Each structure stands twice: as structure tokens, then as C-alpha cells.
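In: curious how this folds, go ahead:
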Amino acid sequence: MIKEALLYDRTLEMVREKLKSNELYQQYNDLDQCSVTYAEVIATLFQPLDYDIRIDNILYRRNYDYSYEIDENSIPKKNYYKSYQYDSEGNINMILYSCEG
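Out: Residues are numbered from 1 along each chain as shown. Here you go, the predicted structure:
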């Protein structure tokens, strides 16, 4: 019981430190892959991007404003699966949208 309490205490302290330094990342896996509508995908492109985005085979870089260049015909009007690509440290580095069905 003491061992578990010490482990809990160390874990809690680590989380507090990570929160202070803004280094806490949420983990995602295939179970967290969600379905989004075409409208949500298009709306995402009309706002500043936090990450690079890949919609099927089209790459949108986060440091560029695509709001004036969106070609809606190049993005199929279907629902999409949203998932994440991670770097070697487990941080999100790209958001992936792939057509459902």
C-alpha cells in the first residue's frame, strides 16, 4: 500500500510540473478516432491551423492561410475519419482526415 501511495504521489507531482510548463499531452489511439462531417473539415481550413492537416492526399501546412484558396471540388463531400500522427516524443504533429467508405 505504501508503494502505491508513493507512486501516486510521484505521478501527481509530475502532472503538476507538466501542467506548469504546458508540456502535458493527451494520448489518442484508434479507439479515439472520430467521425467528422465534410462541413467540419472545410470549417477547419477557414481558421488558423495549429497543426499540418492531410485531407486524403492533400497536405495543408499550418503556417499558411488557405481560406482564400480552398477548392471544395478537390475535397469529396463525404464524412471523414479524424486521426492523429505523432512525432517520436508522442506529440501530435499532424491531423489526418480520411474519407469514410
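In: Ile53 and Asp71, how far apart?
Out: Taking CB to CB, to the nearest Å as the measure, Ile53 and Asp71 are separated by 15 Å. Bear in mind the C-beta positions are built from the backbone N, C-alpha and C, glycine included.
In: give me the more crowded residue out of the two.
Out: Comparing Ile53 with Asp71 by other CB atoms under 10 Å, the one with more neighbours is Ile53, at 20 against 8.
In: OK, contacts around the more buried one?
Out: Contacts were defined as CB atoms under 8 Å, 6 or more residues apart in numbering; by that measure Ile53 touches Thr44, Leu45, Leu59, Tyr60, Arg62, Met94, Ile95, Leu96, Tyr97.
In: give me the number of residues near the first one?
Out: One way to gauge burial is a neighbour count; for Thr44, by other CB under 10 Å, it gives 18.
In: do the same with the fifth one
Out: Residues contacting Arg62 under the criterion other CB under 10 Å number 13.
In: so it sits right up against Leu49, yeah?
Out: Yes - with contact taken as CB atoms under 8 Å, Arg62 and Leu49 are classed as touching, separated by 4.0 Å.
In: all strands for the chain, in order.
Out: Per DSSP state E, the chain carries strands over the ranges 34-36, 52-55, 58-60, 80-86, 92-99.
In: flag every buried residue along stretch 80-96.
Out: By 16 or more other CB atoms under 10 Å, the buried positions in stretch 80-96 come out as Tyr80, Lys82, Ser83, Tyr84, Ile92, Met94, Ile95, Leu96.
In: so which of the residues you listed would you say is closest to Glu17?
Out: For Glu17, the nearest member of the buried residues of stretch 80-96 is Ile92. The distance, counting by CB to CB, is 20.6 Å.
In: any idea how far Asn57 is from the closest one?
Out: Relative to Asn57, Ile92 is positioned 20 Å away (criterion: CB to CB).
In: just the CA atoms of stretch 85-98, as PDB, please.
Out: As requested, the backbone C-alpha atoms of stretch 85-98 are provided in PDB (Å, rounded to 0.1, in the frame of the first residue of the first chain):
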ATOM      1  CA  GLN A  85       0.100  11.500 -36.400                       C
ATOM      2  CA  TYR A  86       2.700  11.700 -33.700                       C
ATOM      3  CA  ASP A  87       6.400  12.600 -33.500                       C
ATOM      4  CA  SER A  88       9.000  10.400 -31.800                       C
ATOM      5  CA  GLU A  89       8.200  12.000 -28.400                       C
ATOM      6  CA  GLY A  90       4.500  11.400 -28.700                       C
ATOM      7  CA  ASN A  91       3.500  14.900 -29.600                       C
ATOM      8  CA  ILE A  92       0.800  15.500 -32.300                       C
ATOM      9  CA  ASN A  93       2.500  16.800 -35.400                       C
ATOM     10  CA  MET A  94      -0.300  16.300 -38.000                       C
ATOM     11  CA  ILE A  95      -4.100  15.800 -38.100                       C
ATOM     12  CA  LEU A  96      -5.300  13.300 -40.700                       C
ATOM     13  CA  TYR A  97      -8.700  13.200 -42.300                       C
ATOM     14  CA  SER A  98      -9.600  10.200 -44.400                       C
END
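In: alright, calling it a day.
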